[in-house]
Every structure is written in structure tokens, then in C-alpha cells.
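Undergrad: only the shape, not the letters, is given here:
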Ligand SMILES: *Cc1c(COP(=O)(O)O)cnc(C)c1O
């Protein structure tokens, strides 16, 4: 079976080297030495000063909304993983969906402004597939209307915008280190902020809002373990090489697919890309379903990502059902192809041939 992705696993011996440190310290979790070490290395790698390592890339979205006192309307993208919308709903805020740009599939800044009301408090946008949103335009709107900006940067690890990690933008930026992402700690995530006061707040949130006998605020359990940090410490030095391998695999698809009948999102020229995914858009859902069936007959399982358009989820409140024609259309026609750093050229050839025969 060839799936949409395959998690990178280091040699067991490399992981074991890090595990020995856990046996030496006797500390398994609760902000242990490997977690601290990983945070330091992540800050250096990403060029950010304030970063907290967490259990996943969803809880950090919830923490971000809480930390910025967001309780009302959040303008967000309908073209993302469901965690983006769910975090807003979970925090009892109201998602308001702005449509996406037909070129880069990210939230369309022109669609944001008409949706702003006196209850709008934040913009929560996803840098889709690792490609940056129109960051400056979003910033201008946020400043004009006094809104907070949170970026779901789950796809962007290792990608930069204008020479800076994409994770360094926004009031808060979050990332996922899930096993399927470009950099992973099996399960994990992080949140990036810009000052020590916010960092302290997030640090407290991460462990129930207290330290020892001092109780500061509400909190949740978002601490990650030493075992997850160990995987991160093994993975981090390999990330640049893995991204280079991804770029190679992408170039094989680029050379083979028939782009007369297939569209790809445009990547901003200001982005140093991380090749997180290989999405393609077909002419219609009928073509997509035909391609999927043909691939499945050859034991190839791509993924409809993102589908459905999040503004159409049937558990949304009536106030969150803004029409988003571009997102609704693309979500019916977009497919993420099998794509990971170790995918052999012959497999790219096989997938591409089946697609070209069926578009
Ligand atoms: C993966 C992902 C998440 C969730 O991350 P987890 O670590 O799995 O909780 C959130 N948003 C986007 C856009 C993602 O791709």
C-alpha cells in the first residue's frame, strides 16, 4: 500500500542514545531536561526567542485564543484541517469564515474586512501546505481594527518568509509536530510568542496554571514528555536534509504530471518552501473521484486534504455558515498525493502515470 505520507523514523540506536539521558535523569515528564534542550534547539533553529513545546498542535490553538482573551468572533479560513475551526468552537468563540484566494489557497485578505463587526477580536489563519499567508496585508487589517492575529502554522516547519521562519509572525503562531508533519516528535507541537510575559503565561497554562504551590491562572495539561522530546532531538538535525529530499520528490512529480489538466497552488516568491505536501486540483470532483478510484485499484491511497470546506461542517452554529465559494469548490477537487522524503522515483512515476491517464 502506498499512502499519502509515511512518517520518518530514525535508526532505533539514535533514539536509544537520547533515551539513555532519560534513564540517567530519572525524569520522564514535567518540563524535564530533554524538553528544555529541545526548546532551546528549536529556538535556535527557527530564530525565535520564545517558544513552548507542547503535546500537540491543537491544544496550542486553544491556548492562543485563551491567552489573548478571545471570547467572541474570530475570522478564520474554511480551507484548513478541522482542528483550526474546532479550537475556536471549543473555546466557545464564533468562527466567521472568510473565503480563500484562488491562487495560493490561503485566506483572502480582501474577504476579511467585510466580515469585521464590533464583536470581531481576532484573525486565525492557516499557512496552507507550508506557504505563507499574505502576512503584511493581514497585519494592516489587524492594526486598523485592533484585532489579534494567530497563525495556525502547523504546516510550516522549516519554511521561511522574507528570511524569517514563518512561525515568527503574528501575535502568536502555533505548529504541530505530529508524526505526519515535516518535523515530528511522534505527537507534539509548539507555540511561539514575542515577549517573556506571554511566554510565562503560556508556560503556566501548559501545566495546569500552577507551579509547585503557586497557583497563577486557569490552565490545561499540554506538557509533553521526555520521550517525545527525545524524538525531536534526533529529528531536528535531519530536517534540512529531509526537506531537500522532499524537494527532489516534488521535482519528479513536477516533471511528470500533465499540468494542462491539473492545477497547483502558487507559492509566494518570498517563501523559502518546505515541501510539506503535494496537493493537486483537478477540473471537477468527477475527475477527482475517477483518479482516486484508479489509484486505489493500484493500492495507492491519496488524501482529500482539505475536505470538506470547514464552513460547511454541519455542527457549526447558524452564525458561522458564511458562503465561501472558492474554498467549497477547491475542497471538492483537491487531492494530496503520496509524498514523503523517501518516496522512490519509480513510485512517483507510477502515481503520475495513473493520474495522467485519468484526468
Ligand atoms: C496537523 C494540523 C493540526 C493539528 O495538529 P495536531 O498536532 O495533530 O493536534 C492543526 N492544524 C493544521 C492546519 C494541521 O495540519
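TA: Thanks, I have the structure now. The shown structure was predicted, so the numbers you read here are calculated from the model rather than taken from an experiment.
Undergrad: got a pLDDT number for residue 281?
TA: Here the pLDDT value assigned to residue 281 is 98.
Undergrad: shouldn't it be in contact with residue 334?
TA: Yes: in terms of C-beta atoms under 8 Å, residue 281 counts as a neighbour of residue 334; the distance is 5.0 Å. Placement of C-beta: from N, CA and C, glycine included.
Undergrad: looking at the two, which one has more neighbours?
TA: Each of residue 281 and residue 334 has its neighbours counted (other C-beta atoms under 10 Å); residue 334 has more, 25 against 19.
Undergrad: who are the neighbours in contact with that one?
TA: The contact partners of residue 334, taken as C-beta atoms under 8 Å, 6 or more residues apart in numbering, are 279-282, 288, 304-307.
Undergrad: ok, whatever residue of the stretch 1-150 of the chain ends up closest to the ligand - contacts?
TA: Nearest residue of the stretch 1-150 of the chain to the ligand: residue 57, at 2.9 Å (C-beta to the nearest ligand atom). In this structure, residue 57 makes contact with 83, 152, 154, 174-178, 181, 188-190, judged by C-beta under 8 Å, 6+ apart.
Undergrad: want to throw these into TSV with distance to residue 350, secondary structure and neighbour count?
TA: Compiled in TSV, the contacts of residue 57 are given as follows (distance: C-beta to C-beta, whole Å; DSSP: H, G, I helix; E, B strand; the rest coil; neighbours: other C-beta atoms under 10 Å):
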residue	distance to residue 350	secondary structure	neighbour count
83	32	helix	23
152	33	strand	29
154	29	coil	29
174	36	strand	30
175	32	strand	31
176	30	strand	29
177	30	coil	28
178	27	coil	19
181	25	coil	24
188	33	coil	25
189	34	strand	25
190	36	strand	30
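Undergrad: need the residues you listed in JSON lines with distance to the ligand and pLDDT, can you?
TA: Listed next are the contacts of residue 57 as JSON lines, based on distance: C-beta to the nearest ligand atom, whole Å; pLDDT from 0 to 100:
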{"residue": "83", "distance to the ligand": "4", "pLDDT": "98"}
{"residue": "152", "distance to the ligand": "5", "pLDDT": "98"}
{"residue": "154", "distance to the ligand": "3", "pLDDT": "98"}
{"residue": "174", "distance to the ligand": "8", "pLDDT": "98"}
{"residue": "175", "distance to the ligand": "8", "pLDDT": "98"}
{"residue": "176", "distance to the ligand": "3", "pLDDT": "98"}
{"residue": "177", "distance to the ligand": "7", "pLDDT": "98"}
{"residue": "178", "distance to the ligand": "4", "pLDDT": "98"}
{"residue": "181", "distance to the ligand": "6", "pLDDT": "98"}
{"residue": "188", "distance to the ligand": "7", "pLDDT": "98"}
{"residue": "189", "distance to the ligand": "5", "pLDDT": "98"}
{"residue": "190", "distance to the ligand": "10", "pLDDT": "98"}
